[in-house]
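> Have a look at this fold, sequence not included:
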């Protein structure tokens, strides 16, 4: 892959669904479909909105190991990124990714106690395509 940032970034930006994985108390991976990240900085940082009361948030608070996955079903390509997930509940981070319409999920608005932000920081990844797959560092 000549330009991973461009190739993988374009794949990510065109997906309507993303998948996040956490590790449960028994050490098993748990996967969940999510809306796409609200914000992305290169291939290193991704921000997602979610419910503070979710199982995933509880798992990330106990074990920050995480992965995220994006798939382009049309061209049978995908990318898995491995790293760590942090949970943020501060006003500045919540406001940073808040969007009009989020009230349907968080009725009290940006200050809703059940609204928080997940920030994923990648350190490596694996890109899959019809031509094979390859590991890469971030």
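Nice, thanks for sending it over. Given the structure is predicted, the values throughout are model-derived calculations rather than measurements. Numbers count the residues shown, from 1 in each chain.
> hey, let's count contacts and neighbours off CA atoms from now on
Will do.
> could you say what helices and strands the lengthiest helix in the chain packs with?
The longest helix of the chain (DSSP state H) is helix 4-13. Using 3 or more Cα pairs under 8 Å, 6 or more residues apart in numbering; DSSP states H and E, the elements in contact with helix 4-13 are strand 65-72.
> List the neighbouring strands of the strand it packs on plus their orientation.
strand 18-23 (antiparallel), strand 77-88 (antiparallel) (DSSP bridges).
> how far off strand 18-23 does the longest helix of the chain point, in degrees?
Interaxial angle, helix 4-13 versus strand 18-23 (axes from the mean of the first three to the mean of the last three Cα atoms, to 10 degrees): 100 degrees.
> Could you check the pLDDT of residue 37?
The model reports residue 37 with a pLDDT of 98.
> make that residue 75, sorry
85.
> How about the contacts made by it?
Under the criterion of Cα atoms under 8 Å, 6 or more residues apart in numbering, the neighbours of residue 75 are 129-130.
> tell me the mean pLDDT over the top strand by length along the chain?
If you go by DSSP state E, the chain has its longest strand at strand 115-129. Strand 115-129 carries an average pLDDT of 97.
> and the strands paired with strand 65-72 as CSV, adding distance to residue 129 and mean neighbour count?
CSV is the format used below for those (distance: least, Cα to Cα, whole Å; neighbours: other Cα atoms under 10 Å):
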stretch, distance to residue 129, mean neighbour count
strand 18-23, 17, 20
strand 77-88, 4, 20
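> Identify whichever of those strands lies nearest to residue 115.
Nearest of the strands paired with strand 65-72 to residue 115, taken as Cα to Cα: strand 77-88 at 9.5 Å.
> Now tell me what touches the closest one from outside.
For strand 77-88, the external contacting residues (Cα under 8 Å, 6+ apart) are 8, 11, 57, 60-61, 64-72, 94, 116-130.
> before we move on, what about stretch 101-116?
Contacts of stretch 101-116 (Cα under 8 Å, 6+ apart): 49-53, 87-89, 91, 94-95, 98.
> cutoff 7 Å now
Stretch 101-116 is touched from outside by 49-53, 87-89, 94-95, 98, with contacts defined as Cα atoms under 7 Å, 6 or more residues apart in numbering.
> Whatever helix or strand comes next after the longest strand of the chain pairs with which strands?
Once the chain leaves strand 115-129, the next helix or strand it forms, by DSSP states H and E, is strand 132-137. If you go by DSSP bridges, strand 132-137 pairs up with strand 115-129 (antiparallel).
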